[in-house]
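[1] got a sequence here, can you build the structure:
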Amino acid sequence: MSHHSLFHRPKTSDGNLLSPGHKVSFSDSSKSTDKRQSSARPSSRPSSSSNSRPSSPAPQQQQQRRALSAQRRPSSQRRGSYQTYNDNRNLQRINRQSEALWQASVVSPTAPQPKPFLIYHDSFLSILGPNPTLQCLIEDNRAPYFHEAGIFHPPSNTLFITSNQLEDPSPDAATTRNKTIVITKIEFFSPTDFTRDKVRCPERNYMANGGTNYRDGLILCAQGSLKEPSGLIYMEAKRPHKTTTLLNNYHSRPFNSPNDVIVHSDGSIWFTDPIYGYEQGFRPKPVLPQLVYRFDPSTGDIRVVADGFGRPNGLCFSPDEGTIYITDTDLIHGDGTVDYRRPATIYAYSVFWEHDSPYLTNRRVFAYADTGAPDGIKCDVFGNVYSGCGDGINIWNAGGMLIGKIQIDGGCANFCFGRNGEMWCFGEHKLWRAKLGDDTRGALLGV
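    Residues are numbered from 1 along each chain as shown. A predicted model of the protein is given here:
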């Protein structure tokens, strides 16, 4: 286990790296502590005005008085206000509060990731807690076993993960162009003591992808094959992991290749349906647009709730379920082509109820990923939004401001929360464990 300083090179307001010797102003700790608490976590105090705006900057006279006071103090006392960096070109934005915090433990069988936590706003500090860590629990160079789903089952303390596409020469894989996806099951006895096994189901889960908790087990998105339909399947969490098909068509029209799924508190199931399976050669030509659906198992009602996407992918609800976030990974197509003119965007919708049915209204851009495309997405109990991107996990507050990143070598498409600030991050050949503050918990489970 090695320890690394996590200081990061400051940037200017336009995002450019500062030149060596550039002076960086730091906020006063006595004032920024309150800001951190109020920004990272919702306040219980009612707002004085629903249309209130942030207070204006301090008057010019007040700034001049502060500058004069700083000049009169000895240089040893001014270091908290001004710091000069001359020797580290890898620094990102830091402040005086974070200087003493970033000594993260990184455990990796290969090259460590020395600077995993980037602070874009002080509110990220309360999310990270006093001693954030990032560990590589497993590295398996045989195949990309750690790709999607990420379902933590608290009763059994078990994590389920779907792989990326693997080569499969068996005759059973002929309808998927000799590709297969396996489900890994990891049972934890402690954060670093676990057993790893492959889920062996009586029924074949055709190209399982995203998933979520459901009742006593879990739901998986089955992308299907050239002959087998795609849809949603329920899998029991306990052996022998019996599966049941919940849905495999939209009024007799086959789905494309369902990608990710969530469950509303009313029991309805929401999922995305891009055409990645067709682009990758294991699904027939699409007969439906790329849509977002809501399925009510109690009535059998299936309906479209959102359209207009390039490649709809991950989705999640805010803690109060008043907002749904949906990622569009149109930047990267299933055939591997990348076009930076296409969306790498998180959209937010308001969930509006009318005639006892939910509608998605007020579509707006919530965020645009600066590296790669936002794939899996989740909220914590405070309403902050996390998404797996090309450089790791990016975190925005509920207002859409990027407040921090957890940098992961090779990127991280998907992840999930565990207990008490624990996160598992999927890096294809690597399974990472991030430990944040104990109060930082996923909104889905709240554990």
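[2] what sits against the closest residue to Arg215 other than its chain neighbours?
    Leaving out its chain neighbours, the residue that sits closest to Arg215 by C-beta to C-beta, 6 or more residues apart in numbering is Tyr234, at 7.6 Å. In short, each C-beta sits where N, CA and C put it, glycine included. When contacts are counted by C-beta atoms under 8 Å, 6 or more residues apart in numbering, Tyr234 touches Tyr214, Arg215, Gly217, Leu218, Ile219, Thr243, Thr244, Thr245, Leu246.
[3] the third one touches Ala237, doesn't it?
    Yes - under the contact definition of C-beta atoms under 8 Å, Gly217 touches Ala237, with a separation of 4.6 Å.
[4] what's the overlap in contacts for these two?
    Residues touching both Gly217 and Ala237 by C-beta under 8 Å, 6+ apart: His153.
[5] that older thread, distance from the chain centre to whatever helix or strand the residue nearest to Arg215 lives in, please.
    Per DSSP states H and E, Tyr234 falls inside strand 231-235. Relative to the chain's own centre, strand 231-235 is displaced by 22 Å; criterion: C-alpha atoms, centre = their mean, to the nearest Å.
[6] now the element after that strand, going C-ward?
    Using DSSP H and E, the next helix or strand after strand 231-235 towards the C-terminus is strand 243-247.
[7] partner strands of that next one and their direction?
    Sheet pairing of strand 243-247 (DSSP bridges) gives strand 231-235 (antiparallel).
[8] show residues contacting stretch 436-444.
    So stretch 436-444 is contacted by 126-130, 132, 212-213, 262, 316-319, 378-383, 416-417, 419-423, 447 (C-beta under 8 Å, 6+ apart).
[9] how about a cut-off of 7 Å?
    126-129, 132, 213, 319, 378-381, 417, 420-421, 423, 447 (C-beta atoms under 7 Å, 6 or more residues apart in numbering).
[10] same thing with stretch 356-364?
    So stretch 356-364 is in contact with Val305, Ala306, Ile324, Tyr347, Ala348, Tyr349, Ser350, Val351, Phe352, going by C-beta under 7 Å, 6+ apart.
[11] so which one among the contacts of stretch 436-444 has the lowest pLDDT?
    Among the contacts of stretch 436-444, Val447 carries the weakest pLDDT, at 80.
[12] quick check: closest non-adjacent residue to it.
    Counting by C-beta to C-beta, 6+ apart, Arg419 is the residue found nearest to Val447 once chain neighbours are left out, at 4.9 Å.
[13] got it, and Tyr276?
    Nearest non-adjacent residue to Tyr276 (C-beta to C-beta, 6+ apart): Gly334, at 4.0 Å.
[14] contacting residues for that neighbour?
    Contacts of Gly334 by C-beta under 7 Å, 6+ apart are Tyr276, Glu279, Gln280.
[15] how about Gly399?
    By C-beta under 7 Å, 6+ apart, no residues touch Gly399.
[16] gap between it and Asp356?
    Distance of Gly399 to Asp356, computed by C-beta to C-beta, to the nearest Å: 31 Å.
[17] ok, now Pro297?
    From Pro297 to Asp356 the distance is 16 Å (C-beta to C-beta).
[18] more neighbours, those two?
    A direct count of neighbours by other C-beta atoms under 10 Å for Pro297 and Asp356 places Pro297 higher, at 17 against 5.
[19] how much space between the more buried one and Tyr386?
    Pro297 is 28 Å from Tyr386, by C-beta to C-beta.
[20] same check, this time on Ala413
    13 Å.
[21] send the alpha carbons of stretch 390-406 over as CSV?
    Extracted C-alpha coordinates of stretch 390-406, given in CSV (Å, rounded to 0.1, in the frame of the first residue of the first chain):
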residue,chain,number,x,y,z
GLY,A,390,-13.7,8.6,-20.0
ASP,A,391,-11.5,9.7,-17.1
GLY,A,392,-13.3,8.1,-14.2
ILE,A,393,-16.4,9.2,-12.3
ASN,A,394,-17.5,12.7,-12.6
ILE,A,395,-19.7,14.3,-9.9
TRP,A,396,-22.0,17.3,-10.3
ASN,A,397,-24.3,18.9,-7.8
ALA,A,398,-28.0,19.1,-8.4
GLY,A,399,-27.5,22.4,-10.1
GLY,A,400,-25.3,20.9,-12.8
MET,A,401,-22.0,22.3,-11.5
LEU,A,402,-19.1,19.9,-11.8
ILE,A,403,-17.7,19.7,-8.2
GLY,A,404,-15.3,16.8,-8.5
LYS,A,405,-13.9,13.7,-10.2
ILE,A,406,-12.6,10.4,-9.1
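[22] pLDDT averaged over that stretch - what is it?
    For stretch 390-406, the per-residue pLDDT averages 96.
[23] kindly report the same for stretch 226-245.
    Rounded mean pLDDT across stretch 226-245 is 93.
[24] just to revisit the earlier point, beta-bridge partners for the residue nearest to Arg215, please?
    Ile219, Thr244.
[25] as a check, name the ranges of all helices in the stretch 251-400 of the chain.
    Counting by DSSP state H, counting those that start in this stretch, the stretch 251-400 of the chain has helices at residues 276-279.
[26] quick one: low-confidence ranges for it?
    Within the stretch 251-400 of the chain, no stretch has pLDDT under 70.
[27] just the buried ones from the contacts of Tyr234, in ChimeraX syntax?
    Buried residues within these, by 16 or more other C-beta atoms under 10 Å, are selected in ChimeraX with:
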select :214,217,218,219,243,246
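[28] having no further points to raise, I will conclude here.
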